[in-house]
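# Please find the sequence and the predicted model below.
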Amino acid sequence: MSLQAVFFDFDGVLTPDRTGTLTTCRYLARATGIPLDRWRAAFEPHRAALLRGEASRDATWSQVCEAVGCEVPRELLLRAFESTPLDPAMFAFANALARQRKVGIVTDNPKDRMDAVRRTLWLDRVFAPIVVSAEEGCGKDHPALFERALARAGVAAPEAAFVDNTRENVETARAVGMHAIFYDDEKRDLGALARELLSLGAG
């Protein structure tokens, strides 16, 4: 067997930060002097709806600002999105895989953040398809997100692998028939991941 496609989660796998909320709030905390915990608490009531595309940033940003007690320009939020770091070794690994097979992203993320990240980090040069929960109306807790990723890549589930740092998401991918690998974002053992993909036919 040879894998025809490998899909990566974004935050915590391709990036060193476990979640996009952490990346965004850390930047805003440093830029404004408002503590990180206050930013995270302000984002939390809106997080799930933004991830599923059920709310817009226009509708929620004023409430976030009210919660932190400061009117923060949206431009600063954009800068926070653009501050997202990639894990250089993981990105290089994905780029190498893309020379031989399809490499995509399946992520739970707000649309505005992923639009900024795709543009800033030039993700579309390596990854296709990039399937974003907010654009699909469902997250990685739903089989439909993976089924749409497979359809857009033009591969069957047994021909694809998915890598994620959340075990529940790994189980959902397995339920649709994909090979799925849990990636520990604290250990970040890229060698072990490469060996597991090789055993699945990614060599």
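Structure received.

# C-alpha only now, for contacts and for neighbours.
Fine.

# what's the residue of the chain most remote from its centre sitting at in phi/psi?
Relative to the centre of the chain, and counting by C-alpha atoms, centre = their mean, the farthest-placed residue is residue 69 at 29.1 Å. Taking degrees, to the nearest 10, you get phi 80, psi 30 for the backbone angles of residue 69.

# Give the other helices and strands that whichever strand or helix holds residue 169 contacts.
Element membership for residue 169 (DSSP states H and E) is helix 167-175. Counting contacts by 3 or more C-alpha pairs under 8 Å, 6 or more residues apart in numbering; DSSP states H and E, helix 167-175 packs against helix 143-153, strand 160-164, strand 179-182.

# what about the chain, any weak spots by pLDDT?
Applying pLDDT under 70 to the chain flags residues 1, 203.

# Who are the packing partners of the longest helix along it?
Secondary structure of the chain read by DSSP state H shows that its longest helix is helix 36-51. Here helix 36-51 touches helix 20-32, helix 57-68, helix 133-136, going by 3+ C-alpha pairs under 8 Å, 6+ apart.

# Tell me which of the ones you listed sits nearest to residue 182.
Within the helices and strands packed on helix 36-51, the stretch nearest residue 182 is helix 20-32; the backing value is 18.3 Å (C-alpha to C-alpha).

# Tell me, how many residues neighbour the residue lying closest to residue 43 once chain neighbours are set aside?
Distance criterion C-alpha to C-alpha, 6 or more residues apart in numbering; nearest residue to residue 43, sequence neighbours excluded, is residue 64 at 6.1 Å. By other C-alpha atoms under 10 Å, 23 other residues sit near residue 64.

# How about residue 130?
The number of residues near residue 130, taken as other C-alpha under 10 Å, comes to 23.

# what's the answer for residue 114, then?
22.

# can you check residue 98 too?
Count around residue 98 with other C-alpha under 10 Å applied: 18.

# Return the distance of it relative to residue 92.
Per C-alpha to C-alpha, to the nearest Å, residue 98 is found 10 Å from residue 92.
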